[in-house]
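In: Structure for the following, please:
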Amino acid sequence: MDLMDSGIIFNGLVIAVFAGVQSIFGMGVLVYGTPTFLLLGYGFPETLGILLPSSFAISLAQVALHRGPRPAISKALFAISVPMIGISLFVTISSDLARHAYVLIAVALLISAAARIFPAVRKMLRAFIVRNLKAYHFVMGVFHGVTNMGGALLAVMAATIHNDKVNARYVVAVYYMTFVVIQFLVLLFTIDGQYLLNGLIYMPVSLVVYFVFGTRLFRGIDNAVFQAGMTGFLVLYAVVLLAKWLRVY
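Out: Just a heads-up that it's a prediction; the model follows:
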């Protein structure tokens, strides 16, 4: 087995782990996969190409197999977030912003962790969401386009609007699926589409994890324990990314 085959297998295992996380909460492949592959030495566009197909496949499955009434999706997703993701991702790839991905993503992780750890921060974010839903969609769109980490803000919004974890996961899945579509289009028109083709080979792995393990984990996992674990990983990744950025710059 040559080095390339070894790299494919390792990447597939990493994606499989985060696919399990996304199967439970609707997010995981991008939130954890993005900093992971950056730390492994991949560039920002390459990381997107590797992760987007798997994230889309799981989100599509979650939306298609959702049981019960489907929660309403804000029109601001399509009117505000989607255009801002397209514009900000195009600017990021076409300029020098991508090389600052380490610190930008670390900030995203710390914001998400702070919202989980500190009730005051969470309350402030939720109050802002309720009063300024359109502005929040704008910020989330720009943030996702620049860092691929809009899920950090999306999770807070979904939990604010829907207390039920099933409906919250559905909303996250719809948003992520829509995010990925516009990211696909930007990548196809700005850089080599080979990045996306490379990512397609990992889609079957993600779907197997979702259908074999995801639904069982979702029903059986203790929500408080898992949320604590996710917060810990967010902080850990933020610290590692900041340390790597400081060494580089």
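In: Can you report how many residues lie near Lys134?
Out: 12 (other C-beta atoms under 10 Å). To be clear about C-beta, it is placed using only N, CA and C from the backbone, and glycine gets the same treatment.
In: which SS state does it fall under?
Out: helix (DSSP: H, G, I helix; E, B strand; the rest coil).
In: quick one: contacts for it?
Out: By C-beta atoms under 8 Å, 6 or more residues apart in numbering, the residues touching Lys134 are 76, 80.
In: and the spatially closest residue to Gln194 that is not a sequence neighbour, how far is that from Pro71?
Out: Leaving aside its chain neighbours, Gln194 sits nearest to Gly49 (7.7 Å; criterion: C-beta to C-beta, 6 or more residues apart in numbering). To Pro71, Gly49 is 31 Å away according to C-beta to C-beta, to the nearest Å.
In: Who has more neighbours out of the two?
Out: Between Gly49 and Pro71, counted using other C-beta under 10 Å, the more crowded position is Gly49 (25 against 17).
In: Just say helix, strand or coil for the residue positioned nearest the centre of the chain.
Out: The centroid of the chain falls nearest to Leu30 when counting by C-alpha atoms, centre = their mean (3.3 Å). Classification of Leu30 using three-state DSSP returns helix.
In: Ala72 now?
Out: coil.
In: what number of residues lie near it?
Out: 8.
In: My guess is Tyr237 contacts Tyr32. True?
Out: Yes. Between Tyr237 and Tyr32 there is a contact at 7.2 Å, judged by C-beta atoms under 8 Å.
In: re the thing from before, if I read this right, the residue nearest to Gln194 contacts Tyr202, doesn't it?
Out: No. Applying C-beta under 8 Å, one finds Gly49 not in contact with Tyr202, separated by 10.4 Å.
In: what are the ranges of the helices in the chain?
Out: For the chain, applying DSSP state H gives helices covering 3-25, 29-39, 44-64, 76, 82-94, 101-117, 119-131, 133-147, 151-161, 165-190, 194-200, 203-209, 215-220, 223-248.
In: lowest-confidence stretch among these?
Out: Sorting these by mean pLDDT places helix 215-220 lowest, at a mean of 64.
In: show me what contacts Leu153?
Out: Contacts for Leu153 (C-beta under 8 Å, 6+ apart) come out as 108, 111-112, 136, 139-140, 143-144.
In: Apart from its chain neighbours, what residue comes closest to Ile50?
Out: Gly199 (4.7 Å).
In: how many neighbours does the one you found have?
Out: 24.
In: That one and Leu52, how far apart?
Out: For Gly199, the distance to Leu52 - C-beta to C-beta - is 6 Å.
In: cool, and Val130?
Out: Val130 is 31 Å from Leu52, by C-beta to C-beta.
In: now do Gly33
Out: Applying C-beta to C-beta to Gly33 and Leu52 gives a distance of 10 Å.
In: same thing with Phe37?
Out: 12 Å.
In: ok, those two, which is more surrounded?
Out: Comparing Phe37 with Leu52 by other C-beta under 10 Å, the one with more neighbours is Leu52, at 26 against 21.
In: any idea how far Met84 is from that one?
Out: When Leu52 is compared with Met84 (using C-beta to C-beta), they lie 17 Å apart.
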